[in-house]
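Trainee: The amino acid sequence is not available; the structure is as follows:
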């Protein structure tokens, strides 16, 4: 199973460079943070 997982990671690295993965992680974190802030604002209204 670990071998297949490594192959998948290699495939991802071929398609997306490493910086792209970090950029996606940052965007996902930022979107989650914004979503939670908006949700909190609606709840307090």
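Mentor: In hand now; what should we look at? Since this is a predicted model, take the numbers as computed values, not measurements.

Trainee: Where does the prediction get shaky in the chain?
Mentor: Counting by pLDDT under 70, the chain has low-confidence residues at 1-4, 45.

Trainee: middle-most residue in it, spatially?
Mentor: residue 25 (3.4 Å; C-alpha atoms, centre = their mean).

Trainee: Which strand or helix spans that one?
Mentor: Assessed by DSSP states H and E, residue 25 sits inside helix 18-44.

Trainee: by contact count, what packs against that helix?
Mentor: Contacting helix 18-44 under the criterion 3 or more C-beta pairs under 8 Å, 6 or more residues apart in numbering; DSSP states H and E is no other helix or strand. Bear in mind the C-beta positions are built from the backbone N, C-alpha and C, glycine included.

Trainee: and that helix, how far out from the chain's middle?
Mentor: 9 Å (C-alpha atoms, centre = their mean, to the nearest Å).

Trainee: contact partners of stretch 26-40?
Mentor: Residues from elsewhere that reach stretch 26-40 (C-beta atoms under 8 Å, 6 or more residues apart in numbering): none.

Trainee: list the buried ones in stretch 16-26?
Mentor: Residues of stretch 16-26 include none that count as buried (16 or more other C-beta atoms under 10 Å).

Trainee: Check the gap between residue 43 and residue 36 for me.
Mentor: Distance of residue 43 to residue 36, given as C-beta to C-beta, to the nearest Å: 10 Å.

Trainee: Equivalent analysis for residue 6, please.
Mentor: Taking C-beta to C-beta, one finds residue 6 at 34 Å from residue 36.

Trainee: Likewise for residue 25?
Mentor: According to C-beta to C-beta, residue 25 stands 17 Å off from residue 36.

Trainee: Residue 21 too?
Mentor: On the measure of C-beta to C-beta, residue 21 and residue 36 end up 23 Å apart.

Trainee: returning to what we had before: what's the separation between the residue nearest to the centre of the chain and residue 12?
Mentor: In terms of C-beta to C-beta, residue 25 sits 13 Å off from residue 12.
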